[in-house]
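A.B. asks: Just to be clear, the model below is a prediction. Sequence and coordinates:
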Amino acid sequence: MPIQTPFHQRTSEHNKNLDWKDWGGYFASNSYNVVNDFEYYAFRHSAGLIDVTPLFKYKVTGKDATLFLSRLIVKDISKLKLNQATYCCWCDDRGMVIDDGTVMYFAENEYFVTAADPSYSWFSRFIKKLDVKIEDVTDTICALALQGPTSRDILKNVCDADIDSLKFFWTTSAKGDGFEFKISRTGYTGDLGYELWVKNADAIKLFDALWHAGQNYNIRMSGIAALDIARIEAGLVMNGVDYHSSLHALIPEQMSTPYELGLGWAVNLDRDPFMGQKALKAEKKNGSKWATVGIDIDWPDLEELYKKHGLPPHTDAGAWRTSIPVYHPQNKTKQIGYATSGTWSPLLKKNIALVTIQKEYAKPGTEVNFEVTVEHHREKVRAIVGKPQFFNPKRKRSIVKKENNE
Amino acid sequence: MSKKYDAIIIGGGHNGLINAAYLAKAGKDVLVLEKRHVLGGAAVSEEVFPGYTFSVCSYVVSLFRPHIIRELNLAKHGYDIIPMDASFQPLPDGDMGLCRWGDASRTRREIARFSKKDSEVYGEFSKVMTHMAKMAKEIIDHPAPDVASINPKELSSLLRMGKVFKNMGPELLQMNTKLLTMSSADFLDLWFESEVLKGPMSVSGIIGTFLGVRSPGTAYVLLHHYMGELDGAFRSWGFSKGGTGGVSIACANAAKSFGAEIRTNVNVSHVKIKNGKATGVVLANGDEIDSKIVISNLDPNRTYLKMIGENNLESNITKEIKRFKLRGSSGKVNFALNGVPNFCKKRDGLEFMKGDIAIVPNVDYVERAYDQAKYGEFSERPYINIVVPSLTDPTLAPPGKHVMSCFVQYAPFNIKEGAENWPKLADKFGDAVQETIKEYVPDFDSLVEHRQVVTPWDLQETFGLTEGNIFQGELTLEQLLFQRPISGYAKYKTPIRGLWMSGSGTHPGGGIMGSGGELSAKSILKDKAI
């Protein structure tokens, strides 16, 4: 049975819907309300607060910590500046992705790593003779994500840190009223937002401070269901949904490389050896077999299909995570890929999905066929291939200039 | 100076801007001219008092066509709608009031306090209205066919519309006839018994018209409330982030991204007409700008009588256009508040106030409000549709403070003192609204920091809405479809060649829909007018 996070006392007060999910062995609110789209809108219009404690969290310390992480992670961690953070993934020596997460450079020889899967064992087996210590802090450090356009204003009201000048993917230490915590300008919504890391003992203090300050900024509790919509709009892939860790894959077909996941930008190939380097170099040279794309499922087509049945068009409320076949542009019986997750985008008024597709069909603008089930009948509608990132507002990276503060 | 544009659009309201965006997207050289310093027309956000931003006129968005959002990529340009949580109707004497939520079971329990039967019928009613709305949608997303024409294209379009009706089946067809002919109160009587529930439901049929809830023909407008649900939007009504001006800004940004040019503070005097053809515009300062076509986003009255001028019109057309009913019947009162106006202290939290708040305790209340209006007075106890958008979008007011927008009906343009005397009555009108609100929020006076009263006269003088009609002409059956604005010129054309229309005064009209702009632009392109 899942256990409670240090925020449970508060999140359970808000969870009117009693809709809990098991996330990494913890109780996580799937949705706080029966009608939960406002939990999504909070990310885009004000601020949504999510308990993200179940993320696996590791403290990596020691003189060789930089070297160690640089060897394990496909991104060159030695390039990180103090207080900087980076999104990254790590692979096995076949270049197959094990997991993705964030590495934060908190202090000299001290890194903070988050992961979707338990990763202590994988990391530990490569310490060997290096001066590195890995501490699993998953159960001692808890976390909240505060995401949305008003998150900056809320955070400014609860701590002393210079939030205005904190850049995208940078971190800072902060002091609140009687507690200390770490802030990283990171998140899983593709919007302006922060993740806050705090000792279990101070969990409620941080929560209450945010909730109190948030009252003037329309703060809302948001659940995993809402987060799923936002992360699909932002084109962020999810371990266990859009790809599978090579450690869990039963057959090679279930594995993916960073390039295939659209994470090529997070690979630094030409440097000292790192896990998977050889395979990734070969892939870079020879080309990948698969690609991850976004598709925009044609709404007029869908409307037409529903009309055939005398129905108004319908989409599920919220995101879905079932595998759905994607077919060849002309040959509608030839499968060329599959959607792994998708959603109706309330903001873009588009029906969108993340799709793993054969490389030759990954060019933006390619028209493919997507399977839909209308009134128990399997049908196909057109869908246009594009980049996975459907929504990328300027505010995500914006900085408040000092002179505007007055 | 001598540059000749493909098209000049008079009026930078949302329809004009959408029109510009579609034409520019098609590669046309487009210029939009707006008289005021801000874009948006009636879909405008203005910082009326320092720190407080108001949707001065139109205050909610419901019917904006989703395909326009997709086709013009409006989300990228800042189009951002926050759905409304709830619809609350406070009741006097400390009652809990009635709140209708997105959560159907919760709504059922709320309605059951007034009528158990109604609470169960409510869902059935929604289903039927959704069917009806499906039909209406077919109509609003296409230009209206011309019934008098024998042109095969028109006939096939008419046939398509006929098919929509035919496919409805006898039961729905019968319902449709009722919907088109009955009053909104009578139509609701077919379903519901609770006067409390029927109050806020019935007023949907009279918004922006000089009719009462018991006037025949008002039922049709009820449909509009069910239309949004067909577009995959789970709630039909919403706030635009930063006020309704946000919609216009997004449309303007989209138009600019396609290469359109937009100028503000440019007052057009009239359309330049040569041999019955529009050749450009003449500005108030005497300057002239040439173009192949001109598109008026102004209401039919202004377009025909000011932009074209009676001299250029046949007398029967002038007569028709003068008969086009405007009859503004509403005003706006906007408040800057130093705290939350709590409309029901018995309810937990503020969620119930994050949608609209309707002051209409029952059907009689609103019919009584109409009684006064019939004889040229504003209602002392009017129907008020209140929103406090800053509860949802905190950027509109300083932290802890709020903006509150009140749509007030009835405030007849043709008041017995004479429309031009509205400015003198503005304060009295504002007081009546404030007094009405105080019946539900006793400490309201102490919350008010500023008040802006927008009378029908202001709607005409500042926003160019003749007689203060918020829809550029009443949305009554005889002024819809092929009769909007006048028979024979319902397809965005006018008697002047090269002069087109695109505002709310054209089919399908009303609300922040964008259809007028879109369909007008598409008609222009299809016609190869430029």
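C.D. replies: Alright, I've got the coordinates.

A.B. asks: For the stretch 251-400 of chain B, what lies in contact range of chain A?
C.D. replies: B:L391, B:T392, B:D393, B:P394, B:T395, B:P399, B:G400 (CB under 8 Å from any CB of the partner chain). The C-beta positions use only the backbone N, C-alpha and C, and glycine is treated the same way.

A.B. asks: Nearest to A:P325 among the residues you listed?
C.D. replies: B:T392 (39.7 Å; CB to CB).

A.B. asks: lowest-confidence helix or strand of the chain?
C.D. replies: Defaulting to chain A. Within chain A, no helix or strand scores below helix A:299-308, which has a mean of 91 by mean pLDDT, DSSP states H and E.

A.B. asks: wrong one, I was asking about chain B
C.D. replies: helix B:224-227 (a mean of 65).

A.B. asks: Which strands and helices lie in contact with whatever helix or strand comes next after that helix?
C.D. replies: Using DSSP states H and E, the helix or strand that follows helix B:224-227 in sequence is strand B:238-240. Counting contacts by 3 or more CB pairs under 8 Å, 6 or more residues apart in numbering or on different chains; DSSP states H and E, strand B:238-240 packs against strand B:81-83.

A.B. asks: Of the residues of the stretch 251-400 of chain B next to chain A, keep whichever come out buried.
C.D. replies: Buried residues within those, counting neighbours by 16 or more other CB atoms under 10 Å in any protein chain shown: B:L391, B:T392, B:D393, B:P394, B:T395.

A.B. asks: May I have the least confident helix or strand of chain A as PDB, with CA atoms only?
C.D. replies: The C-alpha trace of helix A:299-308 is given here as PDB (Å, rounded to 0.1, in the frame of the first residue of the first chain):
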ATOM      1  CA  TRP A 299     -10.800  18.300 -35.800                       C
ATOM      2  CA  PRO A 300     -13.000  18.800 -38.900                       C
ATOM      3  CA  ASP A 301     -12.400  15.200 -39.800                       C
ATOM      4  CA  LEU A 302     -13.300  14.100 -36.400                       C
ATOM      5  CA  GLU A 303     -16.400  16.200 -36.400                       C
ATOM      6  CA  GLU A 304     -17.400  14.700 -39.700                       C
ATOM      7  CA  LEU A 305     -17.000  11.200 -38.300                       C
ATOM      8  CA  TYR A 306     -19.200  11.900 -35.400                       C
ATOM      9  CA  LYS A 307     -21.700  13.600 -37.600                       C
ATOM     10  CA  LYS A 308     -22.000  10.300 -39.500                       C
END
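
A.B. asks: which parts of that helix are buried?
C.D. replies: Across helix A:299-308, burial judged by 16+ other CB under 10 Å covers A:W299, A:D301, A:L302, A:E303, A:L305, A:Y306.

A.B. asks: what do you get for stretch B:33-44?
C.D. replies: B:L33, B:E34, B:K35, B:R36, B:V38, B:L39, B:G40, B:G41, B:A42, B:A43, B:V44.

A.B. asks: Quote the end-to-end distance of that stretch.
C.D. replies: 16 Å (CA to CA, to the nearest Å).

A.B. asks: And for the residue of the stretch 1-150 of chain A found nearest chain B, nearest residue in space, chain neighbours not counted?
C.D. replies: In the stretch 1-150 of chain A, no residue comes nearer to chain B than A:V35, which is 3.8 Å away by CB to the nearest CB. Once flanking residues are discounted, A:V35 sits nearest to B:G102: 3.8 Å by CB to CB, 6 or more residues apart in numbering or on different chains.

A.B. asks: do B:Q372 as well
C.D. replies: Nearest to B:Q372 is B:S379, by CB to CB, 6+ apart, at 5.0 Å.

A.B. asks: Where does that neighbour sit: helix, strand or coil?
C.D. replies: Here B:S379 is recorded as coil under DSSP: H, G, I helix; E, B strand; the rest coil.

A.B. asks: Same question for A:D202.
C.D. replies: helix.

A.B. asks: Check whether it really touches A:F179, as I assumed.
C.D. replies: Yes: if you go by CB atoms under 8 Å, A:D202 and A:F179 touch, sitting 3.8 Å apart.

A.B. asks: Can I get stretch A:111-121 in CSV? Just the C-alpha atoms.
C.D. replies: Taking only C-alpha atoms (Å, rounded to 0.1, in the frame of the first residue of the first chain), the coordinates of stretch A:111-121 have been written out as CSV:
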residue,chain,number,x,y,z
TYR,A,111,24.6,17.5,-6.8
PHE,A,112,21.0,16.8,-6.5
VAL,A,113,19.5,14.3,-8.9
THR,A,114,15.8,13.6,-9.5
ALA,A,115,14.6,10.5,-11.4
ALA,A,116,11.3,8.9,-12.2
ASP,A,117,12.4,5.4,-11.3
PRO,A,118,14.5,4.1,-8.3
SER,A,119,18.0,4.7,-9.5
TYR,A,120,20.3,4.2,-6.4
SER,A,121,21.4,0.7,-7.5
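
A.B. asks: In that stretch, which residues are buried?
C.D. replies: For stretch A:111-121, by 16+ other CB under 10 Å, it's A:Y111, A:F112, A:V113, A:T114, A:A115, A:A116, A:D117, A:S119.

A.B. asks: Please apply the same query to stretch B:117-124.
C.D. replies: Buried, per 16+ other CB under 10 Å, within stretch B:117-124: B:D118, B:S119, B:V121, B:Y122.

A.B. asks: before we move on, back to that, tell me the one among the buried ones among the residues of the stretch 251-400 of chain B next to chain A nearest to B:C251.
C.D. replies: B:D393 (18.8 Å).

A.B. asks: Can you pull out the low-pLDDT segments for chain B?
C.D. replies: Across chain B, residues meeting the criterion (pLDDT under 70) sit at B:1-2, B:147-148, B:224-236.

A.B. asks: Report the central residue of it.
C.D. replies: By CA atoms, centre = their mean, the mean C-alpha position of chain B lies nearest to B:G511, the distance being 2.4 Å.

A.B. asks: related to what we said a few turns ago, is there proximity between the least confident helix or strand of chain A and chain B?
C.D. replies: Yes: contact of helix A:299-308 with chain B (CB under 8 Å from any CB) involves A:W299, A:P300.

A.B. asks: which SSE is whichever residue of the stretch 251-400 of chain B sits closest to chain A in?
C.D. replies: Closest contact between the stretch 251-400 of chain B and chain A, by CB to the nearest CB, is at B:P399 (4.0 Å). For B:P399, there is no host helix or strand (DSSP H and E).

A.B. asks: And for the residue of the stretch 401-530 of chain B found nearest chain A, nearest residue in space, chain neighbours not counted?
C.D. replies: Relative to chain A, the nearest point of the stretch 401-530 of chain B is B:K401 (8.8 Å; CB to the nearest CB). Spatial nearest neighbour of B:K401, excluding adjacent residues (CB to CB, 6+ apart): B:N338 at 5.6 Å.

A.B. asks: What is the burial count for residue 364?
C.D. replies: Defaulting to chain A. For A:P364, the neighbour count with other CB atoms under 10 Å in any protein chain shown is 10.

A.B. asks: Switch to chain B, please.
C.D. replies: 13.
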